[in-house]
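Chemist: pasting the structure only:
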Ligand SMILES: Cc1cc2nc3c(=O)[nH]c(=O)nc-3n(C[C@H](O)[C@H](O)[C@H](O)COP(=O)(O)OP(=O)(O)OC[C@H]3O[C@@H](n4cnc5c(N)ncnc54)[C@H](O)[C@@H]3O)c2cc1C
Ligand code: FES
């Protein structure tokens with residue numbers, strides 16, 4: 001018998017059905033896909049982060065490459081290894097994949113030394129994705145902290161390109177300081193063309209900063225949220241999920257309508273190496289996108 005959950009408008013069983021279906025499709029379609037790609041453009045964003053545009057070399061593969069917002073690819077730097085990176089571009093940009101990469105260690109360090117024209121391998125796309133179809137007709141809260149804006153750009157572009165399908169869209173973005181805010185050159189376009197209500201906040205203001213100061217949760221107090229008509233996507237450091245999702249929960253948003261992207265160390269990206277497990281859950285197959293209800297039921301997920 002289906003147990004109806006407190007203040008949720010669908011049952012636990014029902015809420016699980018869609019993601020499971022997503023996973024199966026993902027596993028079947030994309031497990032064996034590997035491509036050679038060329039770096040066609042590099043945009044320096046900060047000292048530590050760069051945006052890479054990659055073009056799949058084979059024209060046929062390039063045409064066939066599709067992904068859903070929230071999925072990731074494994075980037076192979078020959079001789080050094082592979083790293084999972086979220087796709088940060090529009091799902092409609094055929095065969096051109098944008099990745100925002102922070103210099104974190106060996107492989108990402110080598111990538112930061114690579115120039116335009118360098119070749120890398122790509123595998124994927126892998127993983128679960130944000131339910132863009134389900135969100136249609138609703139308000140959407142996109143909430144990012146720091147590098148979390150990278151995985152958030154794909155759903156953002158998906159919404160902007162299908163703007164009439166969505167109701168009010170707020171983007172809340174927080175960073176340590178202004179110099180760490182990524183994609184500043186695109187904010188005006190997101191606001192004007194995308195009709196996205198953008199709210200920015202920094203923890204440590206520069207003398208020239210005139211905007212909000214504090215933690216990202218402070219921005220939630222500045223907007224009106226209709227809990228019955230709203231979905232939220234939250235990307236950033238795991239510590240942020242708890243504060244943001246708990247506050248959203250207090251404001252009445254059901255946990256199954258909040259989506260987060262969890263990062264774990266990954267090796268194969270396809271459920272074979274057991275590097276990414278949280279208990280019996282594979283982050284690479286069953287995630288990285290989870291609804292917050294599921295996250296709350298995964299021991300030590302955040
Ligand atoms: C699904 C997914 C999506 C990701 N998307 C992005 C993205 O869009 N942009 C981006 O810059 N990074 C992203 N990452 C993180 C990225 O994969 C790691 O920074 C990268 O694997 C580090 O590899 P490295 O060889 O450069 O560093 P290493 O030499 O392997 O490690 C350097 C340091 O980074 C830590 N580290 C390694 N992997 C992770 C991880 N997964 N999470 C947290 N810390 C880690 C190590 O513990 C070590 O302290 C993502 C990770 C996952 C799982
Ligand atoms: S990364 Fe190998 S099982 Fe998930």
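Modeler: It's in. Being a predicted model, the structure only gives us computed values, none of them experimental. Ligands and ions are numbered 1, 2, ... in the order given.

Chemist: hey, let's count contacts and neighbours off CA atoms from now on
Modeler: Will do.

Chemist: got a list of what the residue of the stretch 101-250 of the chain found nearest ligand 2 touches?
Modeler: At 9.6 Å from ligand 2, residue 127 is the closest residue in the stretch 101-250 of the chain, using C-alpha to the nearest ligand atom. When contacts are counted by C-alpha atoms under 8 Å, 6 or more residues apart in numbering, residue 127 touches 23, 26, 70-72, 283-289.

Chemist: show me where the chain has its helices.
Modeler: With DSSP state H applied, the chain shows helices at 12-30, 59-64, 106-113, 149-161, 187-192, 217-220, 238-250, 283-286, 292-296, listed in chain order.

Chemist: pull out the buried positions in the top strand by length along the chain.
Modeler: Secondary structure of the chain per DSSP state E: the longest strand is strand 34-44. For strand 34-44, the buried set under the neighbour-count rule, 16 or more other C-alpha atoms under 10 Å, comprises 34-40, 42, 44.

Chemist: which one of the residues you listed is nearest to residue 52?
Modeler: Closest approach to residue 52 among the buried residues of strand 34-44 (C-alpha to C-alpha): residue 42, at 4.7 Å.

Chemist: bridged to that closest one, which residues?
Modeler: residue 52 (DSSP bridges).

Chemist: quick one on the thing from earlier: ok, of the contacts of residue 127, which one's closest to ligand 2?
Modeler: Nearest to ligand 2 among the contacts of residue 127, with distances taken as C-alpha to the nearest ligand atom, is residue 284, at 4.4 Å.

Chemist: so what's the closest one up against?
Modeler: Contacts of residue 284 by C-alpha under 8 Å, 6+ apart are 126-127, 266, 269-271, 276.

Chemist: what about residue 292, how many residues nearby?
Modeler: Residues lying near residue 292 (other C-alpha atoms under 10 Å) number 25.

Chemist: what score does the spatially most central residue of the chain have for pLDDT?
Modeler: Geometric centre of the chain, nearest residue: residue 151, 2.6 Å, by C-alpha atoms, centre = their mean. pLDDT recorded at residue 151 is 96.

Chemist: same question for residue 275.
Modeler: On the pLDDT scale, residue 275 gets 83.

Chemist: is it true that it touches residue 269?
Modeler: No. In terms of C-alpha atoms under 8 Å, residue 275 does not count as a neighbour of residue 269; the distance is 9.1 Å.

Chemist: neighbour count winner among the two?
Modeler: Set residue 275 next to residue 269 and count neighbours by other C-alpha under 10 Å: residue 269 wins out with 27 against 16.

Chemist: from ligand 1, how far out is residue 226?
Modeler: 30 Å (C-alpha to the nearest ligand atom, to the nearest Å).

Chemist: likewise for residue 219?
Modeler: On the measure of C-alpha to the nearest ligand atom, residue 219 and ligand 1 end up 24 Å apart.

Chemist: same question, residue 122
Modeler: 13 Å.

Chemist: give me the neighbour count for residue 222.
Modeler: Neighbours of residue 222 using other C-alpha under 10 Å come to 9.

Chemist: residues touching it, list them.
Modeler: Per C-alpha under 8 Å, 6+ apart, neighbours of residue 222: none.

Chemist: right, and residue 69 touches residue 155 too?
Modeler: Yes. Under the criterion of C-alpha under 8 Å, residue 69 makes contact with residue 155 at 5.1 Å.

Chemist: mind listing the shared neighbours of these two?
Modeler: Counting by C-alpha under 8 Å, 6+ apart, the shared contacts of residue 69 and residue 155 are 90, 130, 132.

Chemist: by neighbours, which of those residues wins?
Modeler: residue 130 (25 neighbours).

Chemist: show me what the longest strand of the chain is packed up against.
Modeler: Using 3 or more C-alpha pairs under 8 Å, 6 or more residues apart in numbering; DSSP states H and E as the contact criterion, the elements in contact with strand 34-44 are strand 49-56, strand 119-126.
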